[in-house]
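Colleague: only geometry, no sequence info:
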C-alpha cells in the first residue's frame with residue numbers, strides 16, 4: 001500500500017530534497033479552533049522558510065496522505081473532535097471503512113517512513129502515563145520508535161506523563177534520545193525536567209550525521225531529538241506541575257481514560273492557565289518545526 005503525496009512532496013522525496021512530516025492529531029485534538037488552523041498554517045510556513053517542504057500526514061476518506069491542501073487543513077481544524085485519533089493499530093480499521101483519521105505521533109512516524117520522509121516535527125511525544133506500572137497505560141509512540149526510521153523533533157514528552165519511566169522504556173527499546181543543545185530532557189512546557197539525556201548534539205549537521213550513521217548500520221528505529229521550548233515561552237516546572245496534578249485528578253474523577261486522556265488534560269490545563277499553556281504549546285511547535293527543517297536540509301546534503 002502506498003501513501004498518496006502531493007505533487008511537491010512527491011517531487012521533493014524523489015529528488016531527496018528536504019521534507020518535514022507533520023502530524024494531524026495536533027490539529028484535530030491538540031488545540032481549539034481557530035488557533036489550531038492558524039498554528040497548522042504557520043508551522044508549514046516555518047518549515048518552508050527554513051528550506052524544507054512540509055508534509056502533514058493524515059488519512060482522508062480511506063487514503064493514506066502526505067501533504068494536505070489548505071481546505072483539508074481547515075476541515076481537520078474545524079471538525080477536529082469528531083475526527084478519530086488514529087494510532088498504528090487503528091490504521092487498517094480506518095482504511096477498511098474508507099474513513100478519515102488524524103494521525104498520532106506513532107502513525108505519523110509509520111506513514112512518514114513509508115513515504116520516505118526521514119524527519120518529523122511534533123509538539124510532545126507520548127509516553128508512560130503516571131501509575132503505568134499498575135495500569136500499563138503506555139503510549140504506542142514508544143513502541144513505534146523502535147520500528148520506524150524517522151528522526152522526531154519534540155519538546156520532550158508531555159508534562160502529564162511519567163518522564164523517568166518514559167525514558168527507561170525508550171532505553172529498553174534501544175531508541176536514542178538526543179538533547180538538541182541541552183543535556184537535560186525537556187518537559188514540554190518546561191525546558192528542564194531534572195532528568196539527563198544520554199546524548200547531546202548541538203547542530204543540525206551533527207544530527208544528520210547521526211541519522212545517516214544509525215540507518216547505514218541497519219539499526220532499525222527512530223531517534224528522539226529533544227528540543228527545549230524557547231526560554232521566553234516556557235512555563236517552569238514549579239508552576240505547571242500543580243496545574244497538571246489538578247487536571248489529572250479531575251480526569252480520574254470524571255472517568256476519562258485511554259486515548260481521551262491527553263486531549264482532556266491539554267484542554268483543562270489551557271483553561272486553568274487561562275491560555276498560557278496554549279501559547280506555550282504553539283511556541284514549542286513552531287520551534288520544533290524550524291529545527292526539524294534545518295535538520296532535514298542538513299540530512300538532504302549527506
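Modeller: Yep, it's here. Not measured: the values here are computed from a predicted model.
Colleague: tell me the confidence at residue 258?
Modeller: Per-residue pLDDT puts residue 258 at 72.
Colleague: show me the contacts for it.
Modeller: residue 137 (C-beta atoms under 8 Å, 6 or more residues apart in numbering). The way it works is simple: take the backbone N, C-alpha and C, and place the C-beta from them, glycine included.
Colleague: next: residue 299.
Modeller: With C-beta under 8 Å, 6+ apart, residue 299 has these contacts: 18, 118, 119, 151, 207, 208, 211, 212.
Colleague: looking at those residues, which are in helices?
Modeller: 207, 208, 211, 212 (DSSP state H).
Colleague: doesn't residue 151 make contact with residue 288?
Modeller: No: shown here, residue 288 and residue 151 do not form a contact pair, counting by C-beta atoms under 8 Å, at 11.6 Å.
Colleague: between the two, which is the more surrounded one?
Modeller: Neighbour tally, residue 288 and residue 151, criterion other C-beta atoms under 10 Å: the higher count belongs to residue 288, 28 against 25.
Colleague: look up how far residue 188 lies from the more buried one.
Modeller: Counting by C-beta to C-beta, to the nearest Å, the gap from residue 288 to residue 188 is 11 Å.
Colleague: anything in contact with each of these two?
Modeller: Between them, residue 288 and residue 188 share the contacting residues 123, 155, judged by C-beta under 8 Å, 6+ apart.
Colleague: okay, helices next: where are they in the protein?
Modeller: Under DSSP H, the chain gives helices at 7-14, 25-28, 35-49, 70-78, 91-96, 105-115, 132-135, 140-144, 163-172, 204-216, 237-253, 261-272, 276-301.
Colleague: looking at those helices, which is closest to residue 193?
Modeller: Among these, the nearest to residue 193 by C-beta to C-beta is helix 163-172 (5.3 Å).
Colleague: elements contacting the closest one?
Modeller: helix 140-144, strand 177-180 (3 or more C-beta pairs under 8 Å, 6 or more residues apart in numbering; DSSP states H and E).
Colleague: ok, and the closest non-adjacent residue to residue 212?
Modeller: residue 302 (5.1 Å; C-beta to C-beta, 6 or more residues apart in numbering).
Colleague: returning to that earlier point: buried ones among the contacts of residue 299?
Modeller: 18, 118, 119, 151, 207, 208, 211 (16 or more other C-beta atoms under 10 Å).
Colleague: OK, contacts around the nearest residue to the fourth one once chain neighbours are set aside?
Modeller: With sequence-adjacent residues excluded and distances taken as C-beta to C-beta, 6+ apart, residue 151 is closest to residue 223, at 4.5 Å. For residue 223, the contacting residues are 150, 151, 152, 175, 176, 178, 207, 210, 211, 214, by C-beta under 8 Å, 6+ apart.
Colleague: do residue 183 as well
Modeller: Under the criterion of C-beta under 8 Å, 6+ apart, the neighbours of residue 183 are 196, 197, 200.
Colleague: what is the nearest of those to residue 161?
Modeller: For the contacts of residue 183, the nearest to residue 161 is residue 197 (15.9 Å; C-beta to C-beta).
Colleague: wait, what's in contact with that closest one?
Modeller: Taking C-beta under 8 Å, 6+ apart as the test, what residue 197 contacts is 177, 178, 179, 182, 183, 184, 185, 226.
Colleague: do the same with residue 108
Modeller: 21, 22, 23, 24, 25, 57, 120, 122.
Colleague: buried ones only from these, please, as a PyMOL command.
Modeller: Here is the PyMOL command that selects the buried residues among the contacts of residue 108 (16+ other C-beta under 10 Å):
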select buried, resi 21+22+23+24+25+57+120+122
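Colleague: dump the contacts of residue 108 into JSON lines; add pLDDT as well.
Modeller: Putting those into JSON lines (pLDDT from 0 to 100) gives the following:
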{"residue": "21", "pLDDT": "98"}
{"residue": "22", "pLDDT": "98"}
{"residue": "23", "pLDDT": "97"}
{"residue": "24", "pLDDT": "98"}
{"residue": "25", "pLDDT": "96"}
{"residue": "57", "pLDDT": "98"}
{"residue": "120", "pLDDT": "98"}
{"residue": "122", "pLDDT": "98"}
